[in-house]
Each structure stands twice: as structure tokens, then as C-alpha cells.
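Enquirer: Sequence first, then the predicted structure, then my questions.
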Amino acid sequence: MQQEARGDNVEVGFIMVLEYLKDQFNEVDVDGIKDYLLDFTKSLEVTLDATLDEDQQIGLIVHLVCLIDRISRHQAPIVNFIASNIILNHGMLVSKVKELLVPLEMALNISISDAELESRLPGQEFFLMVLVKLIKKG
């Protein structure tokens with residue numbers, strides 16, 4: 001019963017975030033990729049053997065939509081000078097995340113580079129750092 005309530009809350013939060021993202025990123029077909037985004041977070045939970053809370057799921061989804069927007073507008077990723085250490089220490093995670101992103105890449109006909117995975121949003125953490133924290137937390 002509690003798991004069901006958690007799922008309902010996450011779904012409501014997810015829908016609200018998608019509406020916000022549609023308003024902010026007109027060039028990204030948010031409705032067209034919402035299933036891919038949700039599948040990514042669910043698959044990531046299995047990969048990490050951890051449960052993502054609503055904030056973590058939403059944060060990853062927002063980061064992915066921003067990343068997709070940046071790629072579609074052909075903008076360079078924001079440089080992460082500590083990325084090589086993350087990749088060195090968590091190379092298997094990077095490989096698994098890249099594998100989980102393949103369906104999204106294929107659907108949008110884009111390529112998400114290591115540099116994109118290593119990028120960050122202004123005022124936010126690097127995508128890979130979020131994942132590393134999730135591993136340590138779980």
C-alpha cells in the first residue's frame with residue numbers, strides 16, 4: 001500500500017515537472033520522450049540496486065531534458081574538470097548509464113557523449129556526481 005502511494009506521488013510530481021519542462025524547452029518534444037525518461041529512471045534504479053526518491057528522479061529528468069535541449073541546439077557541454085576522476089573511479093557506472101540512454105538516443109537521433117554526461121547545469125551538480133552519490137547512499 002505504501003509503495004502504491006509512493007508511485008502515485010512520484011507520478012503526480014513527474015507530470016508537473018513535464019508540464020514545466022514543456023513550457024521551458026519548446027524545442028524538445030517532452031511528451032514524445034516522457035516514457036523514455038521514466039524508463040531510464042526505473043532502469044537506473046535496477047542498475048544501482050537502489051530506490052530513487054522523487055527529488056532524485058525529477059533531478060535526473062530535468063538534467064536529461066536540459067542535456068537534450070543543449071544537444072539539439074548544438075551547444076557545447078559545460079566543462080567538468082573532475083570528470084576524468086569520476087570516469088576512472090566509476091567507469092562501469094558510466095558504461096551502464098550510456099547503455100541505458102541508448103533507447104533515448106535512438107528515439108531522438110542524437111548522441112550523448114561522455115562530455116555531456118560529465119556536464120552540469122548552472123547551480124547544479126554534475127550528472128555523474130549525482131549518480132555517484134546515489135551509489136554511496138544506497
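Expert: Sure thing, it's come through.
Enquirer: what's the neighbour count on the closest residue to Gly13 other than its chain neighbours?
Expert: Once flanking residues are discounted, Gly13 sits nearest to Glu54: 5.0 Å by Cβ to Cβ, 6 or more residues apart in numbering. All C-beta atoms are positioned from the backbone trio N, CA, C, and that covers glycine. Residues near Glu54, counting by other Cβ atoms under 10 Å, number 15.
Enquirer: And Asp49, by the same measure?
Expert: Neighbour count for Asp49, taken as other Cβ under 10 Å: 8.
Enquirer: where in the chain is pLDDT low?
Expert: 1-10, 77-87, 90, 115, 117-138 (pLDDT under 70).
Enquirer: can you map out the helices along it?
Expert: Assigned by DSSP state H, the chain shows helices spanning 2-24, 30-48, 54-72, 83-89, 91-108, 114-117, 127-137.
Enquirer: Quick check: which of these is buried the most?
Expert: When you average the neighbours per residue for each of the helices of the chain (mean count of other Cβ atoms under 10 Å), helix 54-72 leads with a mean of 19.
Enquirer: Quick one: list the elements packing against that one.
Expert: Packing partners of helix 54-72 (3 or more Cβ pairs under 8 Å, 6 or more residues apart in numbering; DSSP states H and E): helix 2-24, helix 30-48, helix 91-108, helix 114-117, helix 127-137.
Enquirer: Figure out which of those is closest to Val62.
Expert: Evaluated with Cβ to Cβ, those place helix 2-24 nearest to Val62, the distance being 6.7 Å.
Enquirer: Tabulate the helices and strands packed on helix 54-72 (JSON lines), appending distance to Gly59.
Expert: Below are the helices and strands packed on helix 54-72 laid out as JSON lines (distance: least, Cβ to Cβ, whole Å):
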{"stretch": "helix 2-24", "distance to Gly59": "10"}
{"stretch": "helix 30-48", "distance to Gly59": "10"}
{"stretch": "helix 91-108", "distance to Gly59": "14"}
{"stretch": "helix 114-117", "distance to Gly59": "15"}
{"stretch": "helix 127-137", "distance to Gly59": "6"}
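Enquirer: Lovely, talk soon.
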